[in-house]
Structure formats: structure tokens, C-alpha cells
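> Starting from these lines, generate the structure:
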Amino acid sequence: MNSHGRGTCLAPLRAAVLIGGQSRRMGEPKHLLQIAGRTFLERIVGALESNGIPVAVSGSGEIPSALKAIERVPDAPGVEGTLSGIVGALTHDRQSAWLIVPCDVPLLGAAAIEWLIAQREAGAVALMGRLRADELEPLPGVYEPGALTAVVQLAREGRALRDLRTMSRVSAAWIPVTLREGWRNINLREDLRDLGGGGTLSR
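Sure, this is the predicted structure:
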């Protein structure tokens, strides 16, 4: 399993795509929405696998038939939201780093993933992208095995994932302009229509 990144002391890398249930804004699970006949989840999994990264799905939502064999990682009990998926992944395999990807970034392509994982640095517990000087983008992001304790503490204190940088060393990498579409969240029907997606379910 390739460690991907700068240095020889990096942990092996895996990926988890976070999925959920019904989206209030979309009216159906976002990971099952489609662009050009492929669900968001299938697009993201394909981009990850093209970089040689083992992929799992975190969450209990429905899976497209094409991905029925994919590994499932349970959310952490007693933890809410995104942090539940991250804690669940880091607990599921404590020896690996996890590239955590939300299900609503269907434009995250293989090139963006390749760039992101190449920014990993030994000694940092996490890697986040940066679009603006005053704010980090925690997802998609890489969370090393050493991030588990701090992320659990964030969950207990009800704090945001971005606050991890106040507790531990977090690498921040400026996202190249040519790759920034990969960090675009598709949250509204209007966003989907702009991309030519019909928003139909894949059964």
C-alpha cells in the first residue's frame, strides 16, 4: 500500500467517502445524485481508485449497485456529523492515514487527488487545502493516525474540524487554481443543473 506524500515515514493511505441519508436541500441522498449517468459516489470512488488508493464508504446510506462490494466503515457511535465518519475511519484502521472525502464534491478528479496526497508531510497530523488566506478547507483532507485523539476531543467539545489546527500541527496547502473545482460542494438543485445533472436516483 503506497504511503503517498513527502518523506518515508508516512503511514499507508486509505480513503473514506462520507455518505448520509436524505438531504434536506436536495430531497434525496446526495451521493446518489447523477452527472452524465454516474452517481456522485461512483465518480469520487473512481477518481480515488485511479490513484491506487483503497476506498471505503463511511455511513449507512444506500449504495449504487455498481459499488455493492465496496468496503463499509461504520460511523463512530455517539459522535455526530462529519466527525463521526472521521473517528470511525481512524478507529477502523489505526495504522493508516485516511483521505476523507465528502460525497458532495463530484468534480474532485484524479489530478486533484494526486496533487493533494503529494502534499502530505511527516510530523503533521492532518493535511487541509487552502482557498483563502483566512480559512482552511478540512474536506477533502488527509488525517493521519495521530489525529485520532484530537478529533475525538473536538467531537466531545462540540468544536469544528477546522479547530484541529489550534490543537496539533496541520499542514495547509494552497489549492492550485486549475484544481479548485474539486473542492466545490454541490448543495442545491441549481448547482446540479449547472453541471448538467438530472438528480435522479441510481437503484
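> Find the nearest non-adjacent residue to Ser50, please.
Spatial nearest neighbour of Ser50, excluding adjacent residues (Cβ to Cβ, 6 or more residues apart in numbering): Ala110 at 4.4 Å. All C-beta spots, glycine's among them, are computed from the backbone N, C-alpha and C.
> Any buried residues in stretch 83-97, and which?
For stretch 83-97, the neighbour count (16 or more other Cβ atoms under 10 Å) marks Leu83, Ser84, Gly85, Ile86, Val87, Gly88, Ala89, Leu90, His92, Asp93, Ser96, Ala97 as buried.
> In a helix, Leu41, correct?
Yes - residue state for Leu41 (DSSP: H, G, I helix; E, B strand; the rest coil) corresponds to a helix.
> check contacts around the closest residue to it other than its chain neighbours.
If the residues on either side of it in the chain are set aside, Leu41 comes closest to His31, at 4.1 Å by Cβ to Cβ, 6+ apart. Residues in contact with His31 (Cβ atoms under 8 Å, 6 or more residues apart in numbering) are Val17, Ile19, Gly20, Thr39, Phe40, Leu41, Gly61, Cys103, Asp104.
> Tell me the helices and strands packed up against the biggest strand by length in the chain.
Determined from DSSP state E, the single longest strand within the chain is strand 135-143. Packing partners of strand 135-143 (3 or more Cβ pairs under 8 Å, 6 or more residues apart in numbering; DSSP states H and E): helix 82-92, strand 97-102, helix 110-118, strand 126-132.
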